[in-house]
Structures are given as C-alpha cells and as structure tokens.
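A.B. asks: got a structure for you, letters missing:
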C-alpha cells in the first residue's frame, strides 16, 4: 500500500484534488538503458501560484492537471535543475545563438490554444522522433493546454509564422519549462536553446528568482544542454535541498 501520510500539504492547500497521490507501477526508463522507472503522481486543478512554487521546489513537475516526480526504487539520477535568473549570463555559444535568431519575434502570455500548436507539435514529433505519442488533437489539448491555474505560454515567430512555442508554469517565484516545440525546418537555428534564453529573460523581467528546466541526467546526451545554463542549482533527493552546481 502506498503511504500517503507525507502528503498532508495536498489536502490542506487550496488546490482541487482530482485524485489522491499514487505510485505508478515500474516500467522501462525512457532515459537510461537497463533501468526501471516509477513515479509519484496525482491530478489536481485550481492550483495557486504559491502551491505550484512549493511543488517545484520539492522536485515535482506538471503537465496540465497531471503532477508527478520520480520515485524510482534503485536510481536517483533524475535531478531537478533550476537556473538562477538574476545572475544568469549567456555563454559565448548562447550569445551566438541570440545573434543568429535576432529576427525572431517573441510573445509571452496566458496559456491559450490554437490549431497551429498541434500542427507544429506533430511536425516536430515526426521529424525528431519518427512518431507522435499523441495523434488526436483533443488528447493533445488535454495533455498540454488545460490550464490548472498556473499555465503560461511563449511563442516565437519568423515573418509572422509560428516556428516554436514553449509551454510553461508561472509561479510567484519562477517560470518552469514544461515542453518546447519547434519547426524542424529551422533546426539549424537552435531554437530550443534560444527559447530557454528568452524564457529566462522573461522570468527576469517578471522579477522572478528561478527558471526550472525539468530533470537533468548527466549520462543522458539529450539533456546535456540544460547544464549549459549557468549559474544553476540541482536538487538532492536525499537531503531535500538545492545546491549550486
């Protein structure tokens, strides 16, 4: 039986719980070979920004109404990573990226869905991964565009054409990157890096402290870019504290 005694904050806060906290069954890890993964999760709505901020600070992530964090039996390599927004300085390569994308127009605002989002998601998924885990527009909207209270959106335009967008959570203290999609026709622009830089700068304009980049695994090549945003902090699952990397 999964022990929910440590989840008093779930029931004492203002969020509307749709399910009680649970532990998933083990399955093959998508990030590390020969590893099994499992996670704690629950569904909730009507989250306040301060509630989401607390969850992020404890290693949780959110997709629409689905909140989760790793709870693997034999591995703790998924480390939450957050950038110190106020002291962030782009590296030399990141400055080159900014220069390359000087003609991109960036817009930030509430999480609102339009048809172009799903079309670009499918184009991105098939080019990058040879498949799309979500084929149905309704499922896509439910996975990414149901605003449980903290949704935020960044959009990137080239000559009035949507070429990338980022789905985020906004809290009292941070922006958290949930998912980023870009047009594979512009892959040589490094729009993923550019998007993160712009979202960090937006967090700075909003006078927030942190920009969360999700989980980072040192051995996973696809996650190495996250380590290039400095200064940043990593969350230690054992001590339950953040440490400057």
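C.D. replies: Thanks, I have the structure now. Because the structure is a prediction, the values reported are computed rather than measured. Numbers count the residues shown, from 1 in each chain.
A.B. asks: Pretty sure residue 225 sits in a strand.
C.D. replies: No - assigned with DSSP: H, G, I helix; E, B strand; the rest coil, residue 225 falls outside any strand and is helix.
A.B. asks: That one touches residue 192, doesn't it?
C.D. replies: Yes - applying Cβ atoms under 8 Å as the test, residue 225 and residue 192 come out as touching, 7.1 Å apart. Where C-beta positions appear, they are placed from N, C-alpha and C, glycine not excepted.
A.B. asks: Kindly state the beta-bridge partners for residue 179.
C.D. replies: residue 167 (DSSP bridges).
A.B. asks: Contacts only, for it.
C.D. replies: Residues near residue 179 by Cβ atoms under 8 Å, 6 or more residues apart in numbering: 63, 144, 166, 167.
A.B. asks: Quickly note the distance from the third one to residue 86.
C.D. replies: When distances are taken as Cβ to Cβ, to the nearest Å, residue 166 and residue 86 turn out to be 20 Å apart.
A.B. asks: Identify the residue nearest residue 39 in space, chain neighbours excluded?
C.D. replies: Nearest non-adjacent residue to residue 39, counting by Cβ to Cβ, 6 or more residues apart in numbering: residue 68, 4.7 Å away.
A.B. asks: what's the burial count for that neighbour?
C.D. replies: Residue 68 has 18 neighbours, counted by other Cβ atoms under 10 Å.
A.B. asks: quick one, which of residue 225 and residue 192 is more surrounded?
C.D. replies: The neighbour comparison of residue 225 against residue 192 (other Cβ under 10 Å) goes to residue 192, with 17 against 14.
A.B. asks: Name the nearest residue to the more buried one, ignoring sequence neighbours.
C.D. replies: Closest residue to residue 192 apart from its sequence neighbours, by Cβ to Cβ, 6+ apart: residue 180 at 5.7 Å.
A.B. asks: I figured residue 111 hits residue 148, correct?
C.D. replies: No - counting by Cβ under 8 Å, residue 111 stays clear of residue 148, with 9.6 Å between them.
A.B. asks: Secondary structure element for residue 177, which one?
C.D. replies: In the assignment (DSSP states H and E), residue 177 maps to strand 174-182.
A.B. asks: Now that strand: buried residues?
C.D. replies: Within strand 174-182, the residues that count as buried by 16 or more other Cβ atoms under 10 Å are 174, 175, 176, 177, 178, 180, 181, 182.
A.B. asks: Quick one: the helices in the chain, in order.
C.D. replies: With DSSP state H as the criterion, the chain has helices at 8-12, 49-57, 92-100, 115-129, 137-144, 191-205.
A.B. asks: quick check: domain ranges of the chain?
C.D. replies: By the assignment in automatic domain parsing, the chain contains the domains 8-77, 82-114+144-244.
A.B. asks: Of these, which shows the lowest average pLDDT?
C.D. replies: Mean pLDDT across the domains of the chain is lowest at domain 8-77; the value there is a mean of 91.
A.B. asks: residues contacting residue 110?
C.D. replies: Shown in contact with residue 110 (Cβ under 8 Å, 6+ apart): 147, 151, 152, 153.
A.B. asks: and it, what are its bridge partners?
C.D. replies: Beta-bridge partners recorded for residue 110 (DSSP bridges): residue 152.
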